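Chemist: next input, structure requested:
(chains A and B)
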Protein chains: 2
Amino acid sequence: MSVENVVYIGSKPIMNYCMAILSSLRDESRVALKARGRAISTAVDVAEVTRNRFMQNLIVENVEIGTEELESEGRMRNVSTITIVLKK
Amino acid sequence: MSVENVVYIGSKPIMNYCMAILSSLRDESRVALKARGRAISTAVDVAEVTRNRFMQNLIVENVEIGTEELESEGRMRNVSTITIVLKK
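Modeler: You can find the predicted model right below:
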């Protein structure tokens, strides 16, 4: 399943991403949260805080994990990824 | 779905958990990886490394995220959780 409405999770404060999600769900019924590496834990926090504090009717429609190859300092290394699809 | 065969992911090296998973899959067809907080990213790494390097026929059967209340320094705080079910 491909969701066009995507919020990329990085190292900003969790609330920034919660606000981006709430804003993106004004016009859409689904949003995909995508993160890599250490930000994966943050993505789960963002999904849970949004559901528990801001939008109790949000459901976790799908969670997928995977691996991407990234070039870092001239060599390839693998990094884990997560995609969490929230639906209102 | 409840899986009795569980590996709890913490702050040990990834390979320790991969070995625990491979060992637990000798007698069982499924294993659940469980992690909280910052260890969530490690759990995804462990699942991906086990699938990509050690057991290519493993599939990610289910991924669930959630929230648990923990007591920390005398007050309750919420911590995110993940459960990843791998099936051979």
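Chemist: could you measure the residue of chain A most remote from its centre against B:V79, distance?
Modeler: Distance from the centre of chain A peaks at A:G74, with 27.7 Å (C-alpha atoms, centre = their mean). A:G74 is 37 Å from B:V79, where distance means C-beta to C-beta, to the nearest Å. (C-beta placed from N, C-alpha, C; glycine too.)
Chemist: check A:A32 too.
Modeler: 23 Å.
Chemist: any bit of stretch A:38-58 sitting next to chain B?
Modeler: Yes - legend: contact between stretch A:38-58 and chain B by C-beta under 8 Å from any C-beta of the partner chain is shown at A:38-41, A:44-45, A:47-48, A:52.
Chemist: quick one: which of those residues is nearest to A:T67?
Modeler: A:I40 (11.8 Å; C-beta to C-beta).
Chemist: going by secondary structure, A:L70 is in what exactly?
Modeler: Element membership for A:L70, per DSSP states H and E: strand A:59-72.
Chemist: quick one: name whatever helix or strand follows that strand.
Modeler: strand A:75-87.
Chemist: partner strands of that following strand and their direction?
Modeler: Note on strand A:75-87: by DSSP bridges, its sheet partners are strand A:30-36 (antiparallel), strand A:59-72 (antiparallel).
Chemist: in CSV: those strands, plus mean neighbour count and mean pLDDT.
Modeler: Below are the strands paired with strand A:75-87 laid out as CSV (neighbours: other C-beta atoms under 10 Å in any protein chain shown; pLDDT from 0 to 100):
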stretch, mean neighbour count, mean pLDDT
strand A:30-36, 21, 97
strand A:59-72, 14, 94
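Chemist: out of these, which gets nearest to B:K88?
Modeler: strand A:59-72 (16.7 Å).
Chemist: which residues are contacting that closest one?
Modeler: A:1, A:30, A:36, A:47, A:51, A:76-88, B:44, B:47-48, B:52, B:60, B:63-65, B:84 (C-beta atoms under 8 Å, 6 or more residues apart in numbering or on different chains).
Chemist: swap the cut-off to 7 Å and go again
Modeler: Contact with strand A:59-72 is made by A:1, A:30, A:36, A:47, A:76-87, B:44, B:47-48, B:52, B:60, B:63, B:65, B:84, as judged by C-beta atoms under 7 Å, 6 or more residues apart in numbering or on different chains.
Chemist: fine, thanks again, bye for now.
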